[in-house]
Structures are given as C-alpha cells and as structure tokens.
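Student: Any chance you could fold what I've pasted below:
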Amino acid sequence: MRQALPRIALMLGNLATGISILAPAGMLTVLADGLHVGIRDTGLLVTFGAIILCIGSPLIAWATTTIDRRLLLTGTLAVLVVGQAASAFATGYAQVLALRLVMLAVAAVYTPQAASTVALIVPEKNRAAAIAFVFLGWSLAVAGGLPLITLIAEHLGWRAAYGAAALIALVPCVVGFMALPAGLRGEPLSLQSFRIIARHRKILLLLAITLLSTSGQFTVFIYLSPLLRALAHADANLVGLFFAAYGVAGFLGNVLASRIVGALGPWRTSVVFLGSVGLGMAIWALASGSTAAMGAGVTIWGLGFAATNSMQQARLVAAAPPLSSATVALNTSFLYVGQAIGSALGGFLYSAGYLHTVGFAGVAFVAGALAVWAVTRD
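Tutor: Okay, the predicted model is just below:
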C-alpha cells in the first residue's frame, strides 16, 4: 500500500483538477440563473479557462521542471482549494470569471506534471499502465464529481458546489504532501526542447489527435446539461445520471486500457477507445430526442474519453522519453485548446438554436482524429 500511495495521491489530484476545470458544466443552468447571465456566457467560463490552461501548460512546464515535484503538485492543489473557496463567496459573474482564470493559470501544471512524475517513479515497463491509472482521476471527476456538483448546485446552490469542490481538492493536497517523495525532479527543459518537438513529425501528429478528439467531445460535453433539458426534457436527476454513466464508463474504459495495453500496444489500444468515442457520439447525434438511445451513446462515448488521453500520453512518453515533461505538457495544452474550440463552437451552435447540429459537429472532429491516427503506427 505504501508503494501505491504516491500513484493514488497523483490520481486523486487529477480528480480534484478535473472537478475544478469541469465544474461549470455540471451546474451550467443553475450557475447561469444565479449569476444572471445566459447559458453561452456561463459556457465561456470553460472556454476562457481552457485558453488560460493551454497557454499556461507548456510555459509552466518549462519554468518549473527543476522544482521539487512534491512542492509543485501540492502547491498547485492548494491554489485550487483557495480558488474554489473564494468562488463560493463571489458576488457576480466577473468575480467568478477572474478567480477561475487565476486559479486555472496555476492548475495548468498539474495533469501533465502528474503524468511525468509517475513516469519517474515506476519502472519503464509499467509506465503506460501507471499513466493510465493516474488519469483515472479524470474519469472519477466525471463519474462522481460532476453528478455530485450537479446535485449540490440544484439543491443547495452554486456556492455550496464551489465549497464542495474546495474540500475535494484539499484531500489530495494533504495526501500528496505526505506520500510523494521529496527531491523528485524532472530533466531540465530548454527552449531547444520545444524546437526539437516542433520538428518531430510523430509527436506533432499525436498532438493533432488530441486537439481534434477533444474539440469534438467538448462541442457536446460542456452543453450536455442544457441539451438534455431541451432535447429530452431531462431534470437535474437525469442530467446527473447521464454524467455518472459517462464517467463510470470512462473509469471502466481506463481500467480496461491499462490491462490490455501490454498485449495490444498503445497504438492499437488507442484506436479501440478513440473509435468508442466516435461511435458513441454518432449514436448521440443520430438519436437526439430519445433518452434511452442518447444514454447508450453517452455510455459508449464515455468508455473512450479517458482511455484515449491516457494512451496519447503513454505514446508521447514513448516517442521521446527525454522530452516527456514537455510533450505531456503540450498534449495537455492541446487538450485545453480543444476544450476552448469545442466549447466555443458548441456555445455558438446552441445559442443559434442548432441543437441537433451540435452532435454532428462533434462527430466530424473525432472522424478527423481517427484519420490522423491511421498514419501514426508505433
């Protein structure tokens, strides 16, 4: 148990980070009503936050590589605790947005550095599985965190939801400080590292897969709650159930990915789950209005969302191990660029009344990601 505790701490940190980043999606309607703004404006909390995250991730990776990982990661979580707690007492939309941007500018460091940190802790043969395990935190954030945020916001208000998010982030902050080894540092990065990456064809193709697949998913995911309310007349409980189904499926998919990657290899494993994302989103798009069919689509889609990114990170680490801190950070940055593109496009389509088009736009992006995957064989 003591040997596993650092990985558990890193996974729980991803849980807290995922909840912090995705929380507005779980309470979009309640937050919009409470702050007296529209759905699209509330969705911009995700869009603008993603822009900050995508810029901050590689910059902070470059600036903090030589900092003790325990201090870096637990310090990041401490900022999330303070930021979420302060948001609970915000007096308006502008304050919530400002606090979110400051908080996420720091949070940009967590997910990529957690992945590169676990790669330093475990033997090389176990890296892919360990990275997949650490990324389970994002699955749990959707499986348990978002339904919890949805229910708290619906019954106790958005301020209580932010307070709950702060308490959740406090747990891995404390556990991580106790469990992670002191003095753990990555290889120093220079600007030359990023120049090498810019000329590395395979790394660029892998980053393109992340960008396209995330753009497609976030076109729909951020607006899942209002889309369900509009297309399937869902209430808060049904919305929470959809988030839970998506997240539980993501958790199981990531566990399955960590089990089969040793036999299939990251390239084949990645297409299994990227294909699951595309299939599930296609079912959602084609069956909009049917609660049962939309639920099946979300579940199939959910099987792949976390596992796909886990395999992306594992493939990037394998493509250039000395550059892993930079490539994993860039992967996270491209993930956040995809969040910004997808949430902006979804917000535009939703506000324009093209509710059924949202799903098809997402599928088009994922189809592009599958096309790029085909030319990245390991």
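Student: Point out where the protein drops to low pLDDT.
Tutor: 1-2, 57-58, 61-62, 65, 186-191, 325, 378 (pLDDT under 70).
Student: all helices of the stretch 201-350 of the chain, in order?
Tutor: Using DSSP state H, counting those that start in this stretch, the helices of the stretch 201-350 of the chain run over residues 201-221, 224-232, 236-286, 291-319, 324-351.
Student: That should have said the stretch 1-150 of the chain, apologies.
Tutor: According to DSSP H, counting those that start in this stretch, the stretch 1-150 of the chain carries its helices in the segments 5-26, 28-35, 39-64, 69-87, 93-107, 110-121, 127-134, 136-140, 146-156.
Student: Can you list the buried residues in the third one?
Tutor: Burial within helix 39-64, assessed by neighbour count using 16 or more other CB atoms under 10 Å, is assigned to 39-54, 56-58, 60-62, 64. No exception for glycine: its C-beta is placed from N, CA and C like everyone else's.
Student: Residue 239 touches residue 153, doesn't it?
Tutor: No. With the criterion set as CB atoms under 8 Å, residue 239 and residue 153 do not qualify as a contacting pair; they are 10.6 Å apart.
Student: For residue 289, give me its contacts.
Tutor: When the contact criterion is CB atoms under 8 Å, 6 or more residues apart in numbering, the partners of residue 289 are 231-232.
Student: Roughly how far does it sit from residue 355?
Tutor: With the distance defined as CB to CB, to the nearest Å, residue 289 ends up 10 Å from residue 355.
Student: Spit out the residues that contact these two alike.
Tutor: Residues touching both residue 289 and residue 355 by CB under 8 Å, 6+ apart: residue 231.
Student: tally of neighbours for residue 156?
Tutor: A count of nearby residues for residue 156, using other CB atoms under 10 Å, gives 13.
Student: make that residue 176, sorry
Tutor: By other CB under 10 Å, 25 other residues sit near residue 176.
Student: With the one 5 residues further on instead?
Tutor: By other CB under 10 Å, the residues close to residue 181 number 12.
Student: That one is in contact with residue 6, isn't it?
Tutor: Yes. Assessed by CB under 8 Å, residue 181 is found in contact with residue 6 at 7.0 Å.
Student: Would you enumerate the residues in contact with the nearest residue to residue 200 once chain neighbours are set aside?
Tutor: Computed as CB to CB, 6 or more residues apart in numbering, the closest residue to residue 200 that is not its neighbour in sequence is residue 320, at 6.5 Å. Contacts for residue 320 were tallied using CB under 8 Å, 6+ apart; they are 196-197, 200, 203, 327.
Student: before we move on, what about residue 300?
Tutor: Contacts for residue 300 (CB under 8 Å, 6+ apart) come out as 249, 276, 279-280, 283.
Student: ditto for residue 323
Tutor: Neighbour list for residue 323: 189, 193, 196-197, 203 [criterion: CB under 8 Å, 6+ apart].
Student: With neighbour count and distance to residue 260 added, can I get these in JSON lines?
Tutor: Converted to JSON lines, the contacts of residue 323 look like this (neighbours: other CB atoms under 10 Å; distance: CB to CB, whole Å):
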{"residue": "189", "neighbour count": "20", "distance to residue 260": "32"}
{"residue": "193", "neighbour count": "21", "distance to residue 260": "32"}
{"residue": "196", "neighbour count": "16", "distance to residue 260": "31"}
{"residue": "197", "neighbour count": "19", "distance to residue 260": "29"}
{"residue": "203", "neighbour count": "22", "distance to residue 260": "24"}
